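Colleague: Dropping a prediction and its sequence here:
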Amino acid sequence: MSSDDPQTISASSTVDTPAPAEAAGREVERRSPHLPRRASDRRSARPLPASVLTPPAPPPPPHLDDYKAIVGQSQLDTLRYLAKELKGKTIKMINSTAVGGGVAEMLNRLVPLLSELEVPTHWDVITGGNDFFEVTKAFHNALHGAPYQLTQAAKDIFLMYNEQNRRRMQFGEDIVVIHDPQPAGLVLSRPQTPAHWVWRCHIDLSNPNAEVWQFLRPFVEQYDAAIFSSQSFTQQLSIPQYLFYPCIDPLSEKNKELPDSQVQEICDEFGIDRSRPIVTQVSRFDRLKDPVGVVQAYKLAKKYVDCQLVLAGGGASDDPEGAAVLQEVKEAAGNDPDIIILDLPPWCAVQINAIQRASTIIVQKSLKEGFGLTVTEALWKGKPTIAGAVGGIPNQIIHKLTGVLVHSVEGCAFQIRYLLTHPEFARSIGSSGREHVKENFLMTTNVKRWLLLFRILEHTKGRRGQVS
């Protein structure tokens, strides 16, 4: 790699196995706050800070009363009232990964809050080999509409690992919630349990690959209910369907308020120059997030306005494509010293928080999307946000009111240029975006939705539909 290559700061080759020797990255010199850097300074080499290479001790989860200053006492009183009827009822949440991605982040906060409300909630994660996660990643893309030839071998791998997990797990709770397609086959245990079973789908099923959906649909219709993140994601099903917007936790490490000195320190560590405009996309290195398209939009906008591009992300343990996509991003970046690529492990929530708070504009140029919690995070921080008009993003971004929606590389480039040259408009949509999140997409509202659903299910006990 030449000295003119973009900065790529990588903490590990995978999200689970840090490789400090390989991840030495580029040297980042500490400089005075807001002091511009020469390109040669920003490309020198030095190991990454220990704050990135070493997982921090997890902070204690917040308690309900900690949210009072944000949402008000009446909201907390409502949650406690709704939970009274459910006291002692047990819940099991099951998904495919404990780290990486929005589902794991939400469960990390949802589980302790429900338990604090005396609705004991357990979280289990399925296991699987690389072959399983390669198949389920292909299913994920196919359910978003990508072409895919479903083979018997892929079906067998999916069924085999679901059966292994089904035999390993116990389902003695009152309500079992299965998140996304990967563990959908666990529902075959439903007839042997008294539990209500709920399938929580976080992806866009509006235009799925027909073969994959026909394979998965018989599993889905054995559940008592399905939950989707947007009205447009649903499919015609024989079971009840509910709308649950995903959420962020305003008190999490990724979203809590940070002192400016900490933001500056983290930017210095990564070589981000706060004296110049910063355009950022935070997401996994996933083709559906279109990081290459973001690079192309930045390069178009850079012809007219000065800015830096930060691509901050990593992978998830159930996503085997991340390394290949990261390489594509590096190739697209070429030798631009103002493109900073951060391949971060999943424990870098504070670093992501600081980068978002330092950013002038945040982009989420997804080609397909479930809900897009990185958009929610950006809006909560009051940042003018540009995002693809796909999936659940239009539920969050009302065009030109809470952010701006785009459909192409050229449209994204235009909006970057426009927002950088119209700061009053940028501030206005940033402020409106934060209020929109406060009203609709915070963890306390999500807890309320779950409690209401659990109460509905408990009232239907004894009238549960028969397995077809």
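Modeller: Nice, thanks for sending it over. Numbering: from 1, shown residues only.

Colleague: now the helices: where do they sit in the stretch 251-400 of the chain?
Modeller: Applying DSSP state H, counting those that start in this stretch to the stretch 251-400 of the chain gives helices spanning 260-270, 291-301, 322-333, 349-358, 373-380, 393-396.

Colleague: how close does Asp249 get to Thr445?
Modeller: 11 Å (Cβ to Cβ, to the nearest Å). Every C-beta, even on glycine, is put in place using the N, C-alpha and C of the backbone.

Colleague: who has more neighbours, the two?
Modeller: Asp249 (23 against 18; other Cβ atoms under 10 Å).

Colleague: Now tell me which of the helices of the stretch 251-400 of the chain the model trusts least on average.
Modeller: Within the helices of the stretch 251-400 of the chain, confidence is poorest for helix 322-333, with a mean of 91 (mean pLDDT).

Colleague: Can you report how many residues neighbour Arg434?
Modeller: Using other Cβ under 10 Å, Arg434 is surrounded by 17 other residues.

Colleague: How much space separates the nearest residue to it once chain neighbours are set aside from Gly372?
Modeller: Leaving out its chain neighbours, the residue that sits closest to Arg434 by Cβ to Cβ, 6 or more residues apart in numbering is Gly382, at 4.6 Å. Separation of Gly382 from Gly372 (Cβ to Cβ): 17 Å.

Colleague: When these two are compared, which one has more neighbours?
Modeller: Ranked by neighbour count (other Cβ under 10 Å), Gly382 and Gly372 place Gly372 first, with 27 against 17.

Colleague: For the more buried one, list the residues it contacts.
Modeller: By Cβ atoms under 8 Å, 6 or more residues apart in numbering, Gly372 lies in contact with 364, 366, 387, 391-393, 396.

Colleague: Go ahead and flag the most central residue of the chain.
Modeller: The structure's the chain has its C-alpha centroid closest to Gly102; by Cα atoms, centre = their mean the separation is 3.1 Å.

Colleague: Could you find the closest non-adjacent residue to that residue?
Modeller: Distances taken as Cβ to Cβ, 6+ apart place Leu373 nearest to Gly102, at 4.0 Å, with adjacent residues excluded.

Colleague: Could you pull up the residues touching the one you found?
Modeller: 102, 105-106, 246-248.

Colleague: cool, Ala225 as well?
Modeller: Residues in contact with Ala225 (Cβ under 8 Å, 6+ apart) are 196, 198-199, 239-242, 453, 457.

Colleague: Pick out whichever of these sits closest to Leu420.
Modeller: Nearest to Leu420 out of the contacts of Ala225 is Tyr242 (Cβ to Cβ; 40.5 Å).

Colleague: gap between His422 and Ile278?
Modeller: Taken as Cβ to Cβ, the span from His422 to Ile278 is 17 Å.

Colleague: So which of those two has more stuff around it?
Modeller: Ile278 (22 against 12).

Colleague: my guess is that one meets Arg357, correct?
Modeller: No: the criterion here is Cβ atoms under 8 Å, and Ile278 misses it with Arg357 at 10.3 Å.

Colleague: From Leu405, how far out is the nearest residue to Tyr298 once chain neighbours are set aside?
Modeller: Among residues not flanking Tyr298 along the chain, Leu309 sits closest, at 4.2 Å (Cβ to Cβ, 6+ apart). As judged by Cβ to Cβ, Leu309 and Leu405 stand 20 Å apart.

Colleague: Neighbour count for those two, which is higher?
Modeller: Leu309 (26 against 19).

Colleague: Would you mind naming the residues that bridge with the more buried one?
Modeller: Beta-bridge pairing of Leu309 under DSSP bridges involves Val279, Ile339.

Colleague: mind checking pLDDT for it?
Modeller: pLDDT recorded at Leu309 is 98.

Colleague: Same check on Ser468?
Modeller: At Ser468, pLDDT is 32.

Colleague: just Ala146 next, same as before
Modeller: pLDDT, Ala146: 90.

Colleague: my guess is Phe51 meets Glu269, correct?
Modeller: One correction, residue 51 is Ser, not Phe. Yes: contact status for Ser51 versus Glu269: in contact at 7.4 Å, counting by Cβ under 8 Å.

Colleague: More neighbours: these two, which one.
Modeller: Just comparing Ser51 and Glu269: by other Cβ under 10 Å the higher neighbour count belongs to Glu269, 19 against 14.

Colleague: check which helix or strand covers Trp199.
Modeller: Using DSSP states H and E, Trp199 maps to strand 196-200.

Colleague: What pairs with that strand, parallel or antiparallel?
Modeller: strand 175-179 (parallel), strand 225-228 (parallel).

Colleague: Could you single out the most deeply buried of these?
Modeller: Across the strands paired with strand 196-200, averaging neighbours per residue (mean count of other Cβ atoms under 10 Å) puts strand 175-179 on top, at a mean of 25.

Colleague: follow-up on the earlier one: just send the strands paired with strand 196-200 back as JSON lines, with mean pLDDT and distance to Trp123 too.
Modeller: As requested, the strands paired with strand 196-200 are exported to JSON lines (pLDDT from 0 to 100; distance: least, Cβ to Cβ, whole Å):
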{"stretch": "strand 175-179", "mean pLDDT": "98", "distance to Trp123": "10"}
{"stretch": "strand 225-228", "mean pLDDT": "96", "distance to Trp123": "17"}
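
Colleague: Ok, which of these comes nearest Ala83?
Modeller: Nearest of these (Cβ to Cβ): strand 175-179, 13.6 Å.

Colleague: got the CA coordinates for the closest one in PDB?
Modeller: Extracted in PDB, the C-alpha atoms of strand 175-179 (Å, rounded to 0.1, in the frame of the first residue of the first chain):
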ATOM      1  CA  ILE A 175     -43.700 -16.400  25.300                       C
ATOM      2  CA  VAL A 176     -40.900 -17.200  22.800                       C
ATOM      3  CA  VAL A 177     -39.800 -14.500  20.400                       C
ATOM      4  CA  ILE A 178     -37.700 -15.600  17.400                       C
ATOM      5  CA  HIS A 179     -35.800 -12.800  15.600                       C
END
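
Colleague: Contacts for it, please.
Modeller: 89-96, 103, 107, 184, 186-187, 190, 193, 195-200, 202, 223, 454, 457.

Colleague: So how do I select the buried members of the residues you listed in PyMOL?
Modeller: Buried members of these, defined by 16 or more other Cβ atoms under 10 Å, are picked up in PyMOL with:
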select buried, resi 89+90+91+92+93+94+95+96+103+107+184+186+187+190+195+196+197+198+199+200+202+223+454+457
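
Colleague: Thank you, goodbye.
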